[in-house]
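>>> Sequence below, structure please.
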Amino acid sequence: MNDPTLILENLNIKGSTKRKIILLTGASKGLGLALAKKLIQGDEYFLVLTARKSSMKRFESESIFNSEFVWLRTLDVLNYSQTESVIAEIVEKLGNVDILINNAGITDRSTVEDSTDSYRKSQMAVNYLAPFYIIEHVLSLMRKNNFGKIINISSAGGFMAMPTMSSYSASKYALEAASESLWYEMKPWNIHVTLIIPGFIDSEGFENTTESRKCKKSSTNQLSTYHEHYKGMKQLISNQMHHSNSTNETIAKQIYKVLKKENPPLRIYVTLDAWLLFWFRKLMPPKIYHIVIYKLLPRVKKWGKQVYKE
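Here you go, the predicted model:
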């Protein structure tokens, strides 16, 4: 007997639904998964949920399957041919991408000296270049319909850089700058660009950060030059995350509200700490700001005291 979901996927249902079509990347875990679950509960959207091949089984474990208004598609955002194929299928069978949510991303942990060129490039590729490659391929569709919403998931790291996370912050700074430029460019076509900016979230996200080879080595070697840098920053971020009142679910609810807004703003700070940090940086004289931040870093008095040993 034929699988009804496979039959459904082969149908051309362009124009058969008035639901807005959402393309969501990185939908199998974390914030992406929480948002997918929130959107599935309603009856307003047609969802195209994507994840890397290695993460597709997560959908099944969360009881998310292909259905009448949900498509699950394999997409590694670094695989540009996959990106083009997914968008082409959406256009062929559904007709348009009304809303793009660029959620897929990675977080790094490495000092500048412990980093490498390939490591830095991977951060930029996933967190900045890939989202804008997808954006590039949906803009003409949105302009044609004189409507669209593009939501890029950024972070507080996109406006304040922290030690041991230089490449991550650089990629989010780039994402924010390009999104702001795009905001101006798309105004004539009723295409709204929004940056979702969380601070610390009570999740396991930080446990899944990528680390350079030297970072891993320095983290375990107490005599390493940057051992205290890594130890202090891991302590700071872990503590802040575990004491945060914000979760992937609370942020998903805020993004859902953004989808309802007729004219959403460019930047939305979705956690209290992100909002406070933004104003702290904005109002504080730069010289004082940097001194205060440095003095507040945990274990900073021990930085540079180690006798370097390979």
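>>> from here on, contacts and neighbour counts on C-alpha atoms
OK.
>>> which helices and strands does the helix or strand containing residue 170 pack with?
When elements are assigned from DSSP states H and E, residue 170 belongs to helix 166-186. Of the remaining helices and strands, those touching helix 166-186 by 3 or more Cα pairs under 8 Å, 6 or more residues apart in numbering; DSSP states H and E are strand 108-109, helix 117-124, strand 191-197.
>>> can you rerun that using 10 Å?
With contacts defined as 3 or more Cα pairs under 10 Å, 6 or more residues apart in numbering; DSSP states H and E, the secondary structure elements packing on helix 166-186 are strand 108-109, helix 117-124, helix 130-145, strand 148-153, strand 191-197, strand 267-269.
>>> Residue 171: which of those is closest?
Residue 171 sits nearest to helix 117-124 of all these, at 4.9 Å, using Cα to Cα.
>>> List the buried residues for that closest one?
Of the residues in helix 117-124, those buried by neighbour count under the rule 16 or more other Cα atoms under 10 Å are 119-120, 122-124.
>>> Residue 305 is in contact with residue 223, correct?
Yes. Distance between residue 223 and residue 305: 9.0 Å, which falls inside the contact criterion (Cα atoms under 10 Å).
>>> if you count what's nearby, which of those two comes out ahead?
Summary of the neighbour comparison: residue 223 and residue 305, criterion other Cα atoms under 10 Å, with residue 223 having more neighbours (16 against 13).
>>> Quick check: the more buried one vs residue 104, distance?
When Cα to Cα, to the nearest Å is applied, the distance between residue 223 and residue 104 equals 36 Å.
>>> swap in residue 50?
Using Cα to Cα, one gets 9 Å for the distance from residue 50 to residue 104.
>>> what touches both of these two?
Listed contacts common to residue 50 and residue 104 are 24-28, 32, 76-77; contacts here mean Cα atoms under 10 Å, 6 or more residues apart in numbering.
>>> Sort out which of the residues you listed are in helices and list them.
Among those, the members found in helices (DSSP state H) are residue 32.
>>> Please produce a markdown table containing the shared contacts of residue 50 and residue 104, extended by distance to residue 147 and pLDDT.
Conversion of these to a markdown table gives the following (distance: Cα to Cα, whole Å; pLDDT from 0 to 100):
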| residue | distance to residue 147 | pLDDT |
| --- | --- | --- |
| 24 | 17 | 98 |
| 25 | 20 | 98 |
| 26 | 24 | 97 |
| 27 | 23 | 98 |
| 28 | 27 | 96 |
| 32 | 23 | 97 |
| 76 | 27 | 98 |
| 77 | 24 | 98 |
